[in-house]
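Asks: Kindly return the folded structure for what I paste below:
(one chain, ligands or ions: 2)
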Amino acid sequence: METKIYKLDHHAIDHEIIEKAAAALRKGELVAFPTETVYGLGADALCPAAANKIYAAKGRPSDNPLIVHIARWQDLLYIAKDVPEEAEKLAEAFWPGPLTMIVNKNEKVPYETTGGMDTVAVRMPSHPVALALLQESGCLIAAPSANASGRPSPTMAEHVAEDLNERIPIILDGGEVGIGIESTIVDLTEEVPMILRPGYITGEMLEDVIGEVQMDPGLIAEDSAVKPKAPGMKYRHYAPKADLKIVDGAKDAVISAINALTKAQQEQNKRVGVIGTDETAALYGGDLILSMGSREDEDEIARHMYRILREFDESGVDVIYSESFATPRIGQAIMNRLLKAAGHQVLMAQQNNGGSEIV
Ligand code: AMP
Ligand code: MG
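Replies: Ligands and ions are numbered 1, 2, ... in the order given. The predicted structure is shown next:
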């Protein structure tokens, strides 16, 4: 199948293109489109055959449910069995925006969309292209991230094309996304609302609006027998081709530890990648050094992470050492993704008299 890529300027959206994409969705076809978090791969959420095409195109396990995107509050009422009062408060505070809420579904939502679950994940995106597509199509749009399963989420249309070229008919190219990591997921079917996936909207931001919120124990447990509640979080999402390790500790100790590790690898003829920041990139001696941005700007770090991981996959390095990014606000969301990509390999660097050591 030929994949058509249409460029859109979000300040002046070409309506003819949106109409074409909306018509494809209504016919049960797939359309990739930008949202403020990452690119989504959309299908009519209420049509089982359309939802099935998403799993096929991505190679996604069929028990991993999709997020249903809506443009109006009434659309949530249309598909939810019951709407907890927290949903209304959170929608008021954060929609349209990067927050996904889980509620009990009614019979209008097919099990194909929810991966067999009796609950449904719902989000109202704020990206103007996503909203235009929702409004024009009149569909509720089921859309997971528009990557092939096992690859980093796409933050640019080029990434979607890399993974899904000739597997989907339409990609709407709205440029690089603003946030760069997937939405926060909060489960409102629990007694105490539970964060199933950390994101740009933090636990504290949710608590300011609805009071106590808990973190899914499966996300923090060291014990791998405690499974995360969001089916998608149990898969080892994405592993880079190279062996990725995170080096944590005080700044100077991390820099000298990464340089020592790099040298040891290079002596064995290994090619080494380093993930640093604008403040540190010039201080490393690896074969490919990429900066996540300034450490002062955690939004920039979140936005660049997936693109950088893709660049390393292209580059053919054997090992990657990354600084740690437990930044104040969205650090938890950034580290959740980076730790998964690293298979939780974290080295602690400590300064000693001669330089640094891994402890
Ligand atoms: P993606 O759209 O690729 O970010 O994936 C959607 C994420 O939402 C996956 O981690 C899913 O497991 C999760 N999700 C979707 N629906 C539900 C649900 N009903 N209950 C729990 N997690 C869900
Ligand atoms: Mg995904």
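Asks: Please name the bridge partners of residue 170.
Replies: For residue 170, the beta-bridge partners are residue 4, residue 31 (DSSP bridges).
Asks: Could you measure from it over to residue 19?
Replies: Distance, residue 170 to residue 19, by CB to CB, to the nearest Å: 12 Å. Bear in mind the C-beta positions are built from the backbone N, C-alpha and C, glycine included.
Asks: again with residue 90
Replies: For residue 90, the distance to residue 19 - CB to CB - is 32 Å.
Asks: Equivalent analysis for residue 243, please.
Replies: Relative to residue 19, residue 243 is positioned 47 Å away (criterion: CB to CB).
Asks: For ligand 1, give me its nearest residue in the protein.
Replies: Using CB to the nearest ligand atom, residue 232 is the residue of the chain that sits closest to ligand 1, at 2.1 Å.
Asks: Which other helices and strands does whatever helix or strand that residue lives in contact?
Replies: Using DSSP states H and E, residue 232 sits within helix 231-234. If you count contacts as 3 or more CB pairs under 8 Å, 6 or more residues apart in numbering; DSSP states H and E, helix 231-234 packs onto strand 194-197, helix 217-220.
Asks: so who does residue 200 touch?
Replies: 37, 98, 179, 181, 183, 184, 302, 330, 333 (CB atoms under 8 Å, 6 or more residues apart in numbering).
Asks: rewinding a little: more neighbours, residue 170 and residue 19?
Replies: residue 170 (20 against 14; other CB atoms under 10 Å).
Asks: What are the neighbouring residues in contact with residue 76?
Replies: 70, 83, 87, 91, 101, 103, 122 are the contacts of residue 76 under CB under 8 Å, 6+ apart.
Asks: Double-check that it belongs to a helix.
Replies: Yes: Residue 76: assigned to a helix according to DSSP: H, G, I helix; E, B strand; the rest coil.
Asks: can you pull the pLDDT of it?
Replies: pLDDT for residue 76: 98.
Asks: Show me which residues of this structure sit near ligand 1.
Replies: For the chain, the residues in contact with ligand 1 (CB under 6 Å from any ligand atom) are 64-65, 67, 102, 114, 117, 119-121, 144-145, 182, 185, 196-197, 230-233.
Asks: Need phi/psi at residue 151.
Replies: Main-chain dihedrals, residue 151, degrees, to the nearest 10: phi -110, psi 160.
Asks: tell me the contacts of it?
Replies: By CB under 8 Å, 6+ apart, the neighbours of residue 151 are 163, 238, 310.
Asks: need those in JSON lines with secondary structure, pLDDT and neighbour count, can you?
Replies: Formatted as JSON lines, the contacts of residue 151 follow (DSSP: H, G, I helix; E, B strand; the rest coil; pLDDT from 0 to 100; neighbours: other CB atoms under 10 Å):
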{"residue": "163", "secondary structure": "helix", "pLDDT": "97", "neighbour count": "24"}
{"residue": "238", "secondary structure": "coil", "pLDDT": "81", "neighbour count": "18"}
{"residue": "310", "secondary structure": "helix", "pLDDT": "97", "neighbour count": "23"}
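Asks: I'd assumed residue 245 was in contact with residue 319.
Replies: Yes: counting by CB atoms under 8 Å, residue 319 touches residue 245, with 7.3 Å between them.
Asks: tell me the contacts of the residue nearest the centre of the chain?
Replies: Centroid check for the chain by CA atoms, centre = their mean gives residue 182 as the closest residue, at 2.9 Å. Counting by CB under 8 Å, 6+ apart, residue 182 touches 37, 38, 145, 153, 197, 199.
Asks: Same question for residue 22.
Replies: The neighbourhood of residue 22, defined by CB under 8 Å, 6+ apart, consists of 133, 136, 137, 138, 139.
Asks: can you rerun that using 7 Å?
Replies: Residue 22 makes contact with 133, 136, 137 under the criterion CB atoms under 7 Å, 6 or more residues apart in numbering.
Asks: Ok, residue 317 next?
Replies: 242, 271, 272, 273, 287, 288.
Asks: Just send those residues back as a markdown table, with pLDDT too.
Replies: Shown next, in a markdown table, are those (pLDDT from 0 to 100):
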| residue | pLDDT |
| --- | --- |
| 242 | 96 |
| 271 | 98 |
| 272 | 98 |
| 273 | 98 |
| 287 | 97 |
| 288 | 98 |
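Asks: where in the stretch 51-200 of the chain is pLDDT low?
Replies: In the predicted model of the stretch 51-200 of the chain, no residue satisfies pLDDT under 70.
Asks: How are the strands of it distributed by residue range?
Replies: 67-69, 99-104, 119-123, 141-142, 170-173, 184-187, 194-197 (DSSP state E, counting those that start in this stretch).
Asks: if we look at the shortest one, which residues are touching it?
Replies: Among residues not part of strand 141-142, those counted as contacts by CB under 7 Å, 6+ apart are 25, 42, 43, 45, 51, 54, 66, 68, 69, 113, 134.
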